[in-house]
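In: My questions are about this predicted structure, shown below with the sequence.
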Amino acid sequence: MKICDAHVHLGKSGPWQPYMDPTIYIDKLLNLFNQHNIEKAVIFPNPNVGDKYPLMNNYISECTRRYPGRLIGFGRVDPRREDSIEELIRMKNTLDLTGVKLHPMVECFRPDHPFFNKFFQKTSQLELSMLVHTGQGFSSPGLILKIAKKHAKLPIILGHLKEASVTALEKARNVYVETSGTRPELIELSVDIDEDRVLFGSDVPYFRYPTQVAIVEAAEISPKQKRKIFSQNFHNLFSRKWDKEP
Ligand SMILES: [Zn+2]
């Protein structure tokens with residue numbers, strides 16, 4: 001089965017993982033895709049804060065332009081910076097990116113602080129999608145749910161399907177979940193809420209394809225529901241982008 005992947009990192013990484021360097025470039029990534037039947041993927045920069053995100057966004061844009069039917073590009077932004085709104089506009093209008101990836105721990109910001117209202121408003125206005133890392137503290141799904149409720153037209157994918165993300169999925173129609181690093185039981189619960197808003201994600205190169213595919217395979221759901229997670233839901237979410245391609 002061909003698989004679509006909603007969570008892939010690309011490009012140079014800052015000092016982030018003590019036991020591995022997640023730096024990966026496009027040729028190696030495409031080899032991995034071919035090896036593991038990955039048909040399409042959302043790609044975005046590795047963590048590398050400071051003033052480097054715009055350069056890394058340029059690389060993502062270059063890659064998506066080289067492989068338009070295969071890659072969807074999301075940019076990364078540090079929302080605390082004065083020029084973050086400008087970067088959102090550049091991502092959409094100049095780089096032709098489709099969304100923004102946020103990691104509230106890496107970028108060190110509390111998403112529901114009023115300071116960031118304008119940032120989320122602009123993201124929604126530009127019709128960008130969003131993928132947010134979820135976990136503890138600033139990354140807790142409850143905080144992101146508040147953003148989702150305020151900006152009902154902004155599609156928000158919660159990364160790594162945590163227990164609290166299941167509640168968020170239930171409470172806001174614009175919330176999606178992505179399965180990297182999750183457990184099969186949480187996929188079953190999510191599918192019960194809405195089988196159309198669960199997406200396969202790998203978090204490559206931090207995780208590997210065989211383990212991440214096995215999590216979805218292990219869920220006790222129907223083959224049709226698995227097809228939705230592995231591919232159909234991704235196509236539906238990003239169909240606007242595909243329609244634009246010649
Ligand atoms: Zn990731």
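Out: Thanks, I have the structure now.

In: give me the element the most centrally placed residue in the chain is part of.
Out: Centroid-nearest residue in the chain, with C-alpha atoms, centre = their mean: L131, separated by 3.7 Å. Here L131, judged by DSSP states H and E, is contained in strand 129-132.

In: So what touches the following helix or strand past that strand?
Out: Note on strand 129-132: by DSSP H and E, the next helix or strand toward the C-terminus is helix 141-150. With C-beta atoms under 8 Å, 6 or more residues apart in numbering as the test, helix 141-150 has contacts from 104, 110-112, 117, 120, 132, 134, 154, 156, 158, 162, 164-165, 167-168, 171-172, 174-175. Where you see a C-beta, it was placed from the backbone N, CA and C, and this is true even at glycine.

In: Could I get the buried residue list for helix 141-150?
Out: Buried residues in helix 141-150, counted by 16 or more other C-beta atoms under 10 Å: P141, L143, I144, L145, I147, A148.

In: Then stretch 231-238?
Out: For stretch 231-238, by 16+ other C-beta under 10 Å, it's S231, Q232, N233, F234, L237, F238.

In: Mind checking the pLDDT average for it?
Out: Averaged across stretch 231-238, pLDDT comes to 96.

In: can you check stretch 70-87 too?
Out: 96.

In: gap between the two ends of it?
Out: 24 Å (C-alpha to C-alpha, to the nearest Å).

In: Mind listing what's buried along it?
Out: 70-79, 81, 84-85, 87.
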